[in-house]
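K.L.:
quick one, fold the following:
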Amino acid sequence: MSADLPQHHAATQSEKLVIAASSLGTVFEWYDFYLYGLLATIITSQFFSGVNETTGFIFALAAFAAGFAVRPFGALLFGRIGDLVGRKNTFLVTMGIMGLSTFLVGWLPSYATIGIAAPIILVLLRLLQGLALGGEYGGAATYVAEHAPNHRRGLYTSFIQTTATLGLFAALLVVIGVRTAMGEAAFADWGWRVPFIVSIVLLGVSLWIRMQLEESPVFLKMKAEGKGSKAPLTDAFAKWGNLRIVIIALVGAVAGQAVVWYTGQFYALFFLEKMLKVDGATVNILIAIALALGTPFFLIFGWLSDRIGRKPIILAGCAIAALTYFPLFHALTNAANPALAAAQATAPVTVTSYNDACSFQFDPIGKNRFDASSCDVAKSYLAKAGIPYAAIKGADAELPGAPTLDRQTVVAIGGATLAMPDPTALAPEPRKTAITKFQGELQEKLTAAGYPAKADPARIDKPLVVAILFILVLLVTAVYGPIAALLVELFPTNIRYTSMSLPYHIGNGWFGGFLPTTAFAMVAATGDIYYGLWYPIVVAALTVVLGLFLLPETFRHTID
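P.N.:
Got it, this is the predicted structure:
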């Protein structure tokens, strides 16, 4: 018995090294990837300053999403290499690509310096990051799972699941530290580059740690037995038996997991900063506290999934999210910007257009000034000011005392009304004067009704905000903690890296990655700051229904 102890101890140390090295490397990759999301507002001004503010922010989110858009292609490229060559060397390559792309963002000249080349190069670097991340996650999750005992696979792979949140947490800490050290003005000017540049040090450390690892024993055994796939892409996606499982994994688990994850960790951050007008530094700190409190639950839900199964935990998290997002985000408004919540309740804003055509309030070209109609003038000003409103057709509702002239729009703030005349009936100079006058009067009425320009720091109920954010993060941990084990267990060793990577990155890269951009475009189009929540709610609900009937339980599967 004593002779077995050193061997057991060595195995335990080996497992710890596998988990630590794989997790630390993946933390670094997520740190790189999330820096951009955290600094989206500053990046808007640095690289998209050639368009109006609202469009610039949506452009910045679109560039953020571009990194997610190519993740499935990275999954195909590096998944194939990982199944042919091995797990270890593949994720060394993906880490190098990610690290160098992030480092270069820190040195990229702004729009003011090199013009349109700046956002183009930025998007290209984001695409490289997305390709690298598409190959990284599947490799790390597969590598750890193939070292784990069957009865602890959920727990072991849940350490990989913490890495996205820990990477975001690390990025938050660095951003908060640099921001505090140099002040907001210097940080917005040039200090935002520091977190990108220092990532080169993390790259060196992470590469060194991962080079200490050996190849996965399950992969080596498969190779030794000559059971490897010669065409992983064909075997994974051209054969219906496996393709069916890929599709079920996507719609019955990953899609819902992805939107819950990005709503809890990203949309909440953007919502606080852009919709509720809480300053960026405060938002970062509140999110960091919630993440610190919530992160251990990745491990708890991973451990629990080894006992009761992966499926019930993931689907329960999706169902609770779909049922609670509206009340949670309403509560977030009351806690973070009570003045805005009170103004919405006592003096709701409506925009009533009388036979006037309204544009869709999203400008992909960035050149539309939204002054072609009275409706556009009113809605674009409210959207830019971040004021929620309801749109009404004049034929559907008449406002007391409001003129019902053709092609005229009336804005009501509580009991006060203000009409915007038809700009097409005016010459250019009188039109400009009329618009400026209307916007000034509208702002006066909004201020009088209590609509704040920014959230008052003294009135933010920070403990309540953190509590709400913690609940959102807790839902993230429930859906995300067991997902790696589930995906690994669904597919055979010879095509595992390829097969699990694609549904994961379609779900998280497309369903999740496009969530902030899509949701904010929905908000801009409707004027309802909560309307974007329909996106994650519908996707999460669909995953619950489809997963309930189609998704197999996997937690008792062996993966050799």
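K.L.:
hey, let's count contacts and neighbours off CA atoms from now on
P.N.:
Fine.
K.L.:
residue boundaries of the strands in the stretch 51-200 of the chain?
P.N.:
For the stretch 51-200 of the chain, none of the segments meets the definition of strands by DSSP state E, counting those that start in this stretch.
K.L.:
which residues of it score low on pLDDT?
P.N.:
51-55, 57-58, 61, 64 (pLDDT under 70).
K.L.:
those helices in it, which residues are they?
P.N.:
Applying DSSP state H, counting those that start in this stretch to the stretch 51-200 of the chain gives helices spanning 53-69, 71-84, 87-105, 111-114, 117-145, 153-182, 184-186, 193-197, 199-210.
K.L.:
for the second one, name the packing helices and strands.
P.N.:
Under the contact criterion of 3 or more Cα pairs under 8 Å, 6 or more residues apart in numbering; DSSP states H and E, helix 71-84 touches helix 87-105, helix 117-145, helix 232-237, helix 496-506.
K.L.:
run the chain-centre distance for that helix.
P.N.:
Distance of helix 71-84 from the chain centroid (Cα atoms, centre = their mean, to the nearest Å) equals 22 Å.
K.L.:
ok, then the element right after whichever strand or helix holds residue 447?
P.N.:
Using DSSP states H and E, residue 447 maps to helix 428-448. Counting by DSSP H and E, the next helix or strand C-terminal to helix 428-448 is helix 462-480.
K.L.:
and the helix or strand following that following helix, what does it pack against?
P.N.:
Tracing the chain C-terminally past helix 462-480 and defining elements by DSSP H and E, one meets helix 483-490 next. Secondary-structure packing of helix 483-490 (3+ Cα pairs under 8 Å, 6+ apart): helix 117-145, helix 153-182, helix 310-336, helix 496-506.
K.L.:
in stretch 188-195, which residues are buried?
P.N.:
For stretch 188-195, the neighbour count (16 or more other Cα atoms under 10 Å) marks 188, 191, 192, 193, 194, 195 as buried.
K.L.:
so residue 117 makes contact with residue 111?
P.N.:
Yes: judged on Cα atoms under 8 Å, residue 117 makes contact with residue 111 at a distance of 7.4 Å.
K.L.:
okay, these two: which has more neighbours?
P.N.:
More crowded of residue 117 and residue 111, by other Cα atoms under 10 Å: residue 111, with 19 against 14.
K.L.:
quick check: phi and psi on the residue nearest to that one when sequence neighbours are not counted?
P.N.:
Spatial nearest neighbour of residue 111, excluding adjacent residues (Cα to Cα, 6 or more residues apart in numbering): residue 47 at 4.7 Å. Here is the backbone geometry of residue 47 (degrees, to the nearest 10): phi -120, psi -10.
K.L.:
got the contact list for residue 47?
P.N.:
Residues near residue 47 by Cα atoms under 8 Å, 6 or more residues apart in numbering: 110, 111, 112, 118, 119.
K.L.:
identify the residues contacting residue 461.
P.N.:
Contacts of residue 461 (Cα under 8 Å, 6+ apart): 335, 336.
K.L.:
for whichever helix or strand residue 521 is part of, the averaged confidence score.
P.N.:
Here residue 521, judged by DSSP H and E, is contained in helix 515-526. Averaged over helix 515-526, pLDDT sits at 82.
K.L.:
centre of the chain to it, how far?
P.N.:
Worked out by Cα atoms, centre = their mean, helix 515-526 lies 13 Å from the chain centre.
K.L.:
what's the answer for stretch 21-40, then?
P.N.:
For stretch 21-40, the distance to the chain centre is 13 Å (Cα atoms, centre = their mean).
K.L.:
do stretch 149-156 as well
P.N.:
With Cα atoms, centre = their mean, you get 28 Å for stretch 149-156.
K.L.:
buried set for it?
P.N.:
Here stretch 149-156 shows 150, 151, 152, 153, 154, 155, 156 as buried, counting by 16+ other Cα under 10 Å.
K.L.:
end to end on that stretch, go ahead and measure it.
P.N.:
Using Cα to Cα, to the nearest Å, the end-to-end distance of stretch 149-156 comes out at 9 Å.
K.L.:
ok, and what's touching it?
P.N.:
Contacts for stretch 149-156 (Cα under 8 Å, 6+ apart): 19, 144-145, 148, 299-306, 481-482, 484-485, 555-559.
K.L.:
now do 7 Å
P.N.:
For stretch 149-156, the external contacting residues (Cα atoms under 7 Å, 6 or more residues apart in numbering) are 144, 145, 148, 299, 302, 303, 305, 306, 482, 485, 558.
K.L.:
and stretch 505-517, by the same measure?
P.N.:
By Cα under 7 Å, 6+ apart, stretch 505-517 touches 58, 61-62, 65, 68-69, 71-72, 75, 134, 250, 254-255, 258-259, 262, 267.
K.L.:
just the buried ones from the residues you listed?
P.N.:
Using 16+ other Cα under 10 Å, the buried members of the contacts of stretch 505-517 are 58, 61-62, 65, 68-69, 71-72, 75, 134, 250, 254-255, 258-259, 262, 267.
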